[in-house]
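A.B. asks: Provided below for reference: sequence and predicted model.
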Amino acid sequence: MNKSLLIFVGVLFTVVFSLSGLVLVPDWQFSGIGPFLAEGADPSEAYPQPLSGGAEQGHAVYVDLGCVYCHSQQVRPEGFGADINRGWGNRRTVMRDYLFETVNLMGTMRTGPDLANIGARQPSRDWHNLHLYNPAITSPGSTMPPHPFLFEEGADMQHVPHGAIMLPAEWQTSEVKYIVPNARGKAVVDYLISLNRQFPLPEAQ
């Protein structure tokens, strides 16, 4: 009987200790955190800002496409990986970076590069569109699958629609010479370009 009671107390202590250390204490520590505003700065310059418009829609498309299964969004600190040396960011990511995320996309695998700062590293919309259409165009040897369903294809050079992106000459065929992103394609590019977590937060230094 005494042994059963000891086991029960031990299990109860383990559960309570784990709950406190992993859930309650961190929640209490970060409960008052908000956007960072430098002294004398305008409130509109606070970091981070919630997603809006196309970027917010693109976040949903990113989740729907399963991008998080191959791409992370967390730059590790120096000494815990080569993320900063690879140019994936100029500082480690911290809790405040994810302040307005209702669905956290930190990721667990890096089949592809980290995307926490892809908007800062690659601000070109054309590059992102070509990369999504066929990653091999911009990144030879890439294992990322093409996403042609995010685009309309065209070859009529007499009536090139507004917003068309020309394929490089070596990728053009008689059926496809340019692509035009559809609504989902535009939204996911808006989201990717919005990913810029290089703001110099004091806790990240």
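C.D. replies: On my side now, so go ahead. Residues are numbered from 1 along each chain as shown.
A.B. asks: now R184, what's its secondary structure?
C.D. replies: On the three-state scheme (DSSP: H, G, I helix; E, B strand; the rest coil), R184 is labelled helix.
A.B. asks: Does it touch F151 like I think?
C.D. replies: No - counting by C-beta atoms under 8 Å, R184 stays clear of F151, with 9.5 Å between them. Heads up, the C-betas are built off the backbone N, CA and C, glycines and all.
A.B. asks: With neighbour numbers in mind, choose between those two.
C.D. replies: Each of R184 and F151 has its neighbours counted (other C-beta atoms under 10 Å); F151 has more, 24 against 18.
A.B. asks: Quickly list what the more buried one is bridged to.
C.D. replies: Counting by DSSP bridges, F151 is bridged to P181.
A.B. asks: ok, it to G163 distance?
C.D. replies: Separation of F151 from G163 (C-beta to C-beta, to the nearest Å) stands at 11 Å.
A.B. asks: Now for the two: what residues contact both?
C.D. replies: Common neighbours of F151 and G163 (criterion: C-beta atoms under 8 Å, 6 or more residues apart in numbering): 180-181.
A.B. asks: shouldn't P161 be in contact with A155?
C.D. replies: No - using C-beta under 8 Å, P161 makes no contact with A155, being 11.8 Å away.
A.B. asks: More neighbours: the two, which one.
C.D. replies: For P161 and A155, the more surrounded residue by other C-beta under 10 Å is A155, and the numbers stand at 13 against 10.
A.B. asks: Give me the local confidence score for that one.
C.D. replies: pLDDT, A155: 95.
A.B. asks: wait, it sits on V176?
C.D. replies: Yes - if you go by C-beta under 8 Å, A155 and V176 touch, sitting 5.9 Å apart.
A.B. asks: where does the chain have low pLDDT?
C.D. replies: Low-confidence segments of the chain (pLDDT under 70): 1-2, 25-31.
A.B. asks: all helices of it, in order?
C.D. replies: Taking DSSP state H, the helices of the chain run over residues 2-19, 25-30, 53-65, 118-121, 125-133, 135-138, 183-194.
A.B. asks: out of those helices, nearest to E101?
C.D. replies: Nearest to E101, of all the helices of the chain, is helix 53-65, at 8.4 Å by C-beta to C-beta.
A.B. asks: what's the closest non-adjacent residue to N134?
C.D. replies: Nearest residue to N134, sequence neighbours excluded (C-beta to C-beta, 6 or more residues apart in numbering): P146, at 4.5 Å.
A.B. asks: Quick one: neighbours of E152, just the number.
C.D. replies: Counted with other C-beta under 10 Å, residues neighbouring E152 total 15.
A.B. asks: what about the nearest residue to it once chain neighbours are set aside, distance to H162?
C.D. replies: Once flanking residues are discounted, E152 sits nearest to V180: 4.6 Å by C-beta to C-beta, 6+ apart. V180 is 8 Å from H162, where distance means C-beta to C-beta.
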